[in-house]
Structure formats: C-alpha cells, structure tokens
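Q: Okay, sequence plus prediction incoming.
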Amino acid sequence: MAGGRNWIVIGTLILAICVLGCLAPAGDQAEEGKIGVIVSILPQVDFVEQIGGEHVAVTVMVPPGASPHTYEPTAGQLREVSKAQMYAKVGSGVEFELAWFDKIRAVNRNMLIVDCSKGIELIHGADEHDHGGADPHIWTSPRNARIMVENICAGLIEIDPEHEAEYIANRDRYLQELDALDVYIHERLDPYTKKRVFLIYHPSFGYFAAEYNLTQIAIEQEGKVPSPKVIQDCIDYARQYNLSYVYVAPQFATQNAEMVAHEIGGRTVFIDPLPLDYSATMRSVAASLALEMEY
C-alpha cells in the first residue's frame, strides 16, 4: 500500500509541474541564461560541464551515494526537469531510466533528448536484471565515454549553435584527456599478463574489463542478492585465481562481499562506478585493480 501511495503522490507532482511548466515564462527556463541540462548519473555531469563550461547548469537525477537501479526522483528534481532544455540520458538500459523516463519526459515535452549510448555496442553481462540482457554500465569504458561526450557535444550545439566553436574546442580538449586516461590504464594493467581476473560485488565494470582484456567475476547476479551457492562459487573462483581483494561500490551493501573476503583471507576495496571526476576516479580504479594483479 505504501508503494501505491508513493506512485499517486509522484503522479500528482508530475501533473502539477506540467501545469506550472506550461505557465512559466521562457526566461525562467535556465539559471542566468544558462542551458538547463538534466543527466541521469554523476559521470554525465562531468561530461556535460567539460563541454558546456559556463554555458550550462546541470542537474543530476541519481545523486551521490544513490543507486541508479533503485532511485526515485524528488519533486525538486522534477521541477528542474520542467525548466530544462536538454536531457542527456544514458540510454543503455539503466533501471532508473527504464522506470522513470516516460514520466520525466511528460514533465517537459520541449526539451531535447540526447541518447548518450548512440553508437555504442551494448554487451551482455552478469547484471541482466530488467535490462533486456544488456549490461547498462557503458560509461565505465573510456572508449565509450568518448562516444558519450561526442553525443553530448552534438546536443549542446543543436541547442546553442552560437557557441559551437567553443563546445568543439572543449570537446577536443577533453577527448585528449580521455586518450591520456586510456594510455595510463594500459600502462598500469598491461604488464600483468597472467593474473587478469578481479572479483567484484556488483558487476559494474564489464565494459572496462572488455576494453582492457580483463575478466570480471561478479558476486551479485541478475540484480539479486547472491545465494549461498553463488557465494561459494565466488569463493572457489577467488581461491582458484589466488585473488586477495573483493571490489565493492559505495552505492551497494558490503556484507556479502565482506563474507567472501573473510573466507579467502583478503579484504574489500572500494571502487566507484559513478564518479563525478571521471578521469581521476578511473585512474584510481586502474591503480586498485593493478594491486590485485601484482600478487
């Protein structure tokens, strides 16, 4: 019953915001003349701000510490949607978007929708719960991040062609930064030719693993709490590959990961799949994975 009441409240808020949005003057569409851009997850905030600079005001729907698999938008966020000019969706099957995007779109039919996954080949992975079999975590691959940045840049130019040259220059500069990130990751991981396996609770680094020729073993599968058999299988894999670390994300509970780490005489290590500072965090991820491969 509580869940039903929540849907009624959210539906009422959406209706009210739609009405208010229709009555709002065009001058209120963005803060101080900036382009109001909505994104689903934190890495996209970085991408949009790197390209748009002072011309954009970005609102993220899934805030720090929240999971895009379970988060529900607030009334304040929906008000920001009603004023936005662009929504850059991930587009790869993130549960937040599958559950909420039609309702979010209804709040503001006039905003440009940019699909950041356009041009990215989706892969199948361990996390196939409600994704039609596709792994939604496309942004964890720097190569995919480049494509997402290109798509965002094209959207900003469509909305604001007056600053096209600036957006292109910002895009090119950031793409060089992503190229440097790719070089760094290869330098950290390529020397290890034998042990290229890592154990993680939530399977959010499948695209990263595919790009850098690694094998990701996930404790959580199909979005479900792992069964005793799955946990035992992971313990057996860890022992087989002589693994010492269980990687966990700040957005997920760590109890089962800690259990596996205890059984293998190892420890848990945090790596964040939803970074605000994309390049710095992905460098940290590579360095953390290199720790596992060293032993």
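A: In hand now; what should we look at? If you're wondering where the values come from, they're calculated on a predicted model, not measured in any experiment.

Q: What residues sit buried inside stretch 151-170?
A: In terms of neighbour count (16 or more other CB atoms under 10 Å), stretch 151-170 has its buried residues at 151-153, 155-157, 159-160, 163, 166-167, 170. Bear in mind the C-beta positions are built from the backbone N, C-alpha and C, glycine included.

Q: And stretch 91-104, by the same measure?
A: Applying 16+ other CB under 10 Å to stretch 91-104 flags 91-97, 99-101, 103-104 as buried.

Q: Need the max-distance pair from the residues you listed.
A: Maximum pairwise distance among the buried residues of stretch 91-104 (CB to CB): 19.1 Å, between 92 and 103.

Q: picking that back up, when you check the buried residues of stretch 151-170 against the helices, which ones overlap?
A: Taking DSSP state H as the definition of helices, the buried residues of stretch 151-170 contribute 151-153, 155-157, 159, 166-167, 170.

Q: Strands along the stretch 51-200 of the chain, start to end?
A: 56-60, 86-89, 112-115, 197-200 (DSSP state E, counting those that start in this stretch).

Q: after the helix or strand of the chain with the lowest mean pLDDT comes which helix or strand?
A: Using mean pLDDT, DSSP states H and E, the weakest-scoring helix or strand in the chain turns out to be helix 2-23, at a mean of 42. Once the chain leaves helix 2-23, the next helix or strand it forms, by DSSP states H and E, is strand 35-39.

Q: who touches that following strand?
A: 29-30, 45, 47-48, 52, 55-61, 80-81, 83-89, 104, 111, 156, 159-160 (CB atoms under 8 Å, 6 or more residues apart in numbering).

Q: Repeat the analysis, applying 6 Å as the threshold.
A: 30, 45, 48, 55-60, 81, 83-88, 159-160 (CB atoms under 6 Å, 6 or more residues apart in numbering).

Q: Walk me through which strands that strand pairs with, and which way each runs.
A: Next to strand 35-39 in the sheet, as set by DSSP bridges, lie strand 56-60 (parallel), strand 86-89 (parallel).

Q: Relative to residue 253, which of the ones you listed is closest?
A: With CB to CB as the criterion, residue 253 lies closest to strand 56-60 of the strands paired with strand 35-39, at 22.3 Å.

Q: one step back: tell me which of the buried residues of stretch 91-104 fall in helices.
A: Counting by DSSP H, the buried residues of stretch 91-104 contribute 95-97, 99-101, 103-104 to helices.

Q: Need those in JSON lines (columns: distance to residue 242).
A: Converted to JSON lines, those look like this (distance: CB to CB, whole Å):
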{"residue": "95", "distance to residue 242": "34"}
{"residue": "96", "distance to residue 242": "37"}
{"residue": "97", "distance to residue 242": "39"}
{"residue": "99", "distance to residue 242": "40"}
{"residue": "100", "distance to residue 242": "43"}
{"residue": "101", "distance to residue 242": "43"}
{"residue": "103", "distance to residue 242": "48"}
{"residue": "104", "distance to residue 242": "46"}
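
Q: List just the nearest of these to residue 227.
A: residue 95 (21.2 Å).

Q: wait, doesn't that closest one sit right on residue 67?
A: No: assessed by CB atoms under 6 Å, residue 95 is found out of contact with residue 67, at 8.5 Å.

Q: Between which two of the ones in helices among the buried residues of stretch 151-170 is the distance greatest?
A: So, those by CB to CB: farthest apart are 151 and 166, at 17.6 Å.

Q: partners of residue 269 in the sheet?
A: What pairs with residue 269, by the bridge criterion (DSSP bridges), is residue 247.

Q: what's it in contact with, if anything?
A: Going by CB under 6 Å, 6+ apart, the list of residues near residue 269 reads 245, 247, 288.

Q: Spit out the contact partners of the first one.
A: If a contact means CB under 6 Å, 6+ apart, then residue 245 has 266, 269, 292 as its contacts.

Q: Adding pLDDT and distance to residue 201, write those residues out as TSV.
A: Listed next are those as TSV, based on pLDDT from 0 to 100; distance: CB to CB, whole Å:
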residue	pLDDT	distance to residue 201
266	96	13
269	95	11
292	93	14
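
Q: Check those against residue 40 and report the nearest one.
A: The closest of these, once distances to residue 40 are taken by CB to CB, is residue 269, at 26.2 Å.

Q: so how far is residue 150 from that closest one?
A: 32 Å (CB to CB, to the nearest Å).
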